[in-house]
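K.L.:
Sequence and computational prediction follow.
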Amino acid sequence: MAKKIPLRQCIGCGEMKGKREMMRVVKTAENEICLDTTGKKNGRGAYVCKSRECLLGARRNKGLERSFKMSIPNEVYDTLEREFENLDAE
């Protein structure tokens, strides 16, 4: 029997994709928001495609705010964008 691939919806573009193809953004118990490169951190997760456009889309349509049910300062998005760029450079 074929193994089922877990699908997640991108908070930027709304597309369903495999969990492995996406980046996970986590809200920890301390209300800290960070990129989860391992996919194993504890906390509420939201997924975004590995593209800058989707991250910008999530910022525009307030995808993280909806996922985490809290307001998110611009600095958090700026930090996520920087972390994203660092991943692309690797």
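P.N.:
Thanks, I have it.
K.L.:
What residues does the nearest residue to residue 76 once chain neighbours are set aside make contact with?
P.N.:
Counting by C-beta to C-beta, 6 or more residues apart in numbering, the nearest residue to residue 76 once its immediate chain neighbours are dropped is residue 33, at 5.0 Å. The C-beta positions use only the backbone N, C-alpha and C, and glycine is treated the same way. Residue 33 makes contact with 25-27, 64, 68, 72, 76, 80 under the criterion C-beta atoms under 8 Å, 6 or more residues apart in numbering.
K.L.:
element containing the closest residue to residue 52 other than its chain neighbours, please.
P.N.:
Spatial nearest neighbour of residue 52, excluding adjacent residues (C-beta to C-beta, 6+ apart): residue 84 at 6.5 Å. In the assignment (DSSP states H and E), residue 84 maps to helix 74-89.
K.L.:
Buried residues, that helix. List them.
P.N.:
Going by neighbour count (16 or more other C-beta atoms under 10 Å), the buried part of helix 74-89 is 76-77, 80, 84.
K.L.:
So which other helices or strands are in contact with that helix?
P.N.:
strand 22-27, strand 33-36, helix 52-60 (3 or more C-beta pairs under 8 Å, 6 or more residues apart in numbering; DSSP states H and E).
K.L.:
Tell me the strands beside the second one, with direction?
P.N.:
In the sheet containing strand 33-36, the strands it pairs with under DSSP bridges are strand 22-27 (antiparallel).
K.L.:
Touching the strand it pairs with from outside, list them.
P.N.:
Outside strand 22-27, the residues that reach it (C-beta under 8 Å, 6+ apart) are 8, 10-11, 33-37, 39, 41-50, 64, 67-68, 70, 80, 84, 87.
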